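1. Need the 3D shape of this:
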Amino acid sequence: MTARLVEGLSEQERQQLFGWGTNIFGTEGFNLQWRKKKSWHILVYDVASQLVSHVGVAGETVSVGQRVIHVGGIGGVVTIPSAQNKGYARTALQQAKSFMCDRLGVEFGMLFCLDRLVPFYQRLGWQRVQDSVYISEVGLAARARFRLYRTTCRQDTFALECDDSSLPKPNLANGNGGCAKPAVVSN
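-> This is a model prediction of the structure:
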């Protein structure tokens with residue numbers, strides 16, 4: 001198994017990774033629109049050099065209370081059906097975390113997750129952000145439809161969960177998020 005970091009996907013790579021089914025992410029009915037942003041891709045190949053898995057990574061700037069932090073957003077996690085349950089996605093996510101933490105210098109990795117995938121991400125150490133998350137576009141805020149999970153890159157960073165339930169809930173503005181005031185420091 002080998003992993004490779006690339007800045008773009010060829011049409012052939014897109015077809016191999018995403019062309020094997022309909023609604024492979026289970027989000028088609030939600031009418032989501034993704035912003036255009038600089039992104040990287042972790043591609044994983046099996047021992048026969050066949051492309052089998054993918055994780056997309058994008059750097060994001062988010063607001064947590066009065067603090068602005070740099071996070072790595074994860075998306076497009078996929079493994080072709082014949083290669084599932086063999087550790088390829090785990091390898092891709094481990095490589096993505098290393099890239100986000102070491103090369104992008106982010107404090108956290110973040111991803112939105114469907115309920116059916118929660119056990120997978122929890123086994124890999126991703127932790128659920130307990131507070132509600134709101135996403136706003138053009139000034140209109142809506143509660144996120146998916147659970148937000150995070151992984152920490154540095155020991156000296158603070159938690160995303162709010163330390164006081166009486167505070168306003170987190171606000172994700174233009175894809176940004178966090179607590180209404182700086183949160184408790186993680187030890």
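2. okay, and for the chain, where does confidence drop off?
-> Across the chain, the stretches falling below the confidence threshold (pLDDT under 70) are 27, 29-36, 64-65, 132-144, 155-187.
3. for this protein, longest helix please?
-> With DSSP state H applied, the helix covering the greatest number of residues in the chain is identified as helix 88-98.
4. If you count neighbours, what's buried in it?
-> Using 16 or more other C-beta atoms under 10 Å as the burial criterion, the residues of helix 88-98 that qualify are 88-89, 91-97. All C-beta atoms are positioned from the backbone trio N, CA, C, and that covers glycine.
5. And it, what does it pack against?
-> Judged by 3 or more C-beta pairs under 8 Å, 6 or more residues apart in numbering; DSSP states H and E, helix 88-98 is in contact with strand 2-6, strand 40-45, strand 51-64, strand 67-79.
6. Follow the chain on from that helix and name the next helix or strand.
-> Helices and strands here follow DSSP states H and E; after helix 88-98, the next one along the chain is strand 108-113.
7. neighbouring contacts of the next helix or strand after that next one?
-> Scanning the chain past strand 108-113 towards its C-terminal end, the next helix or strand to appear is helix 118-123 (assignment: DSSP H and E). Around helix 118-123, the neighbours that count as contacts under C-beta atoms under 8 Å, 6 or more residues apart in numbering are 89, 111, 113, 128, 147, 149.
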